[in-house]
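Peer 1: All I have is the shape, not the residue letters:
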């Protein structure tokens with residue numbers, strides 16, 4: 001079965017950096033686009049970054065553009081999110097996500113999440 005396991009969350013000071021990892025199993029990792037979402041307390045879950053296609057096309061939400069970098073290592077079935085210049089508003093639980101679609105039916109898979117706290 002599909003499994004996504006995140007790690008790398010921590011508490012850091014504003015301006016600090018972190019790299020999150022998501023180890024995937026149970027599917028052909030290299031064939032699927034992957035996403036990072038986050039959810040802050042009292043807020044809806046939001047899409048942070050996506051990577052897809054043979055050329056590793058990347059897209060970011062505006063608030064993290066230029067500070068976060070999504071990447072993948074297909075040999076290790078691992079997705080990464082590099083985060084620089086962290087701000088208190090980046091505090092959230094970060095989730096790895098993969099979606100499959102057959103016809104009109106979409107199935108989403110989620111990891112358990114990893115907590116990122118940015119505070120002085």
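Peer 2: In hand now; what should we look at? Computed from a prediction, not measured in an experiment: that's the story for all the values here.

Peer 1: contacts and neighbour counts: CA atoms only from here.
Peer 2: Fine.

Peer 1: what's the pLDDT at the nearest residue to residue 84 once chain neighbours are set aside?
Peer 2: The shortest distance from residue 84 to any non-neighbouring residue, by CA to CA, 6 or more residues apart in numbering, is to residue 17 (4.4 Å). pLDDT recorded at residue 17 is 98.

Peer 1: ok, residue 1 to residue 34 distance?
Peer 2: As judged by CA to CA, to the nearest Å, residue 1 and residue 34 stand 17 Å apart.

Peer 1: Between those two, which has more neighbouring residues?
Peer 2: Taking neighbours as other CA atoms under 10 Å, residue 1 and residue 34 compare with residue 34 leading, 22 against 5.

Peer 1: so that one bridges to which residues?
Peer 2: residue 51 (DSSP bridges).

Peer 1: For it, list the residues it contacts.
Peer 2: Applying CA atoms under 8 Å, 6 or more residues apart in numbering, one finds that residue 34 lies in contact with 50-52, 79, 96-99.
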